[in-house]
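Undergrad: Structure for the following, please:
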Amino acid sequence: DAALAGLDGGLKTLVEGMRFDCIDLLARVDAHIDYEDEMEPLNYAEIRERSENLLARAREALKTAEKGKFLENGLTVALIGAPNVGKSSLLNYLSGAERAIVTEIAGTTRDVVEAQCSLCGVPAKLLDTAGIREDTSDIVEELGVRKSAAAARAADAVVMVVNARLGWTEREDQIVKAIFSSASDLSDLSDLS
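TA: Sure, this is the predicted structure:
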C-alpha cells in the first residue's frame, strides 16, 4: 500500500488493478488448496489465462514506468565516433553552450564532457566522448577512448556522429563492434587504421 501511494495517474490505476486481480487469483488458488473437497475443480486453463494476462499487464506497466522515468529524469545520450567528426560541436550546438573545446586537432576531447539539453521536450544529458581510434600512442587519449566506450555502453541512447563528407564507413562499423561486442575488450579497434 505504501508503494502504491507514491504512484499517480494511469500507472497507479494499472498497478492497483493488477494487484486486485493478483490477490483474487491467489485467493482462489489458496481456497482450492484448503477446501478442495468442498469446491468445484480448479479451472487450470482459466488460471493460466489470467496469469498470462497479468504478466502482459505487468510488462506494459514496466514500459509505462520506464517512459515516465525518461520524461522525469531525462535520457543519457552518448555522442560517439571517430576523432574530429563533430561530436563536440554537436554537443555545444544542442546544449546552447560552449561546454566542449572544439579544434582541428584530433584527440582534443580526452574525457567525457557532459551538457544538459532538451530533445523533443525530453530532458537529456549529452555525453561528448573522446574520438574512438586505435592508432594513439598517448596514454591519456587511450584512457579517454576506454572511458568513451564505457559511457556509450551505460547510456540510454547512443548517437554515432560521422563525417558528413565520408558518411558511414567501415570505420564506424568497427567502432560500433569494438564498443558493443565486448564490454571489456577494445582490441577490435586495431582494424581501424
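Undergrad: what's the spacing between the residue nearest to the spatial centre of the chain and T109?
TA: When C-alpha atoms, centre = their mean is applied to the chain, the residue found nearest the centroid is D156 (2.6 Å). Applying C-beta to C-beta, to the nearest Å, the value for D156 to T109 is 21 Å. In short, each C-beta sits where N, CA and C put it, glycine included.
Undergrad: now the helices for this structure?
TA: Under the criterion DSSP state H, the chain contains helices at 2-5, 9-34, 44-73, 87-95, 139-154, 170-180.
Undergrad: Output the contacting helices and strands for the last one.
TA: Secondary-structure packing of helix 170-180 (3 or more C-beta pairs under 8 Å, 6 or more residues apart in numbering; DSSP states H and E): helix 139-154, strand 157-160.
Undergrad: Show me how far it is from its chain's centre.
TA: 19 Å (C-alpha atoms, centre = their mean, to the nearest Å).
Undergrad: Tell me what angle it forms with helix 139-154.
TA: Using axes from the mean of the first three to the mean of the last three C-alpha atoms, to 10 degrees, the direction of helix 170-180 lies 70 degrees away from that of helix 139-154.
Undergrad: The longest one too?
TA: For helix 44-73 against helix 139-154, the angle between stretch directions is 140 degrees (the same axes, to 10 degrees).
Undergrad: so where's the protein shaky on pLDDT?
TA: 1-11, 107-108, 110, 134-136, 182-193 (pLDDT under 70).
Undergrad: and if we set it to 50?
TA: 1-6, 184-193 (pLDDT under 50).
Undergrad: For stretch 65-79, list every residue counted as buried.
TA: Within stretch 65-79, the residues scored as buried using 16 or more other C-beta atoms under 10 Å are 70, 74-79.
Undergrad: possible to save those as TSV with distance to V85?
TA: Below are those laid out as TSV (distance: C-beta to C-beta, whole Å):
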residue	distance to V85
F70	27
G74	25
L75	21
T76	20
V77	16
A78	14
L79	9
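Undergrad: Those in strands, which ones?
TA: The strands, defined by DSSP state E, take in 75-79 from the buried residues of stretch 65-79.
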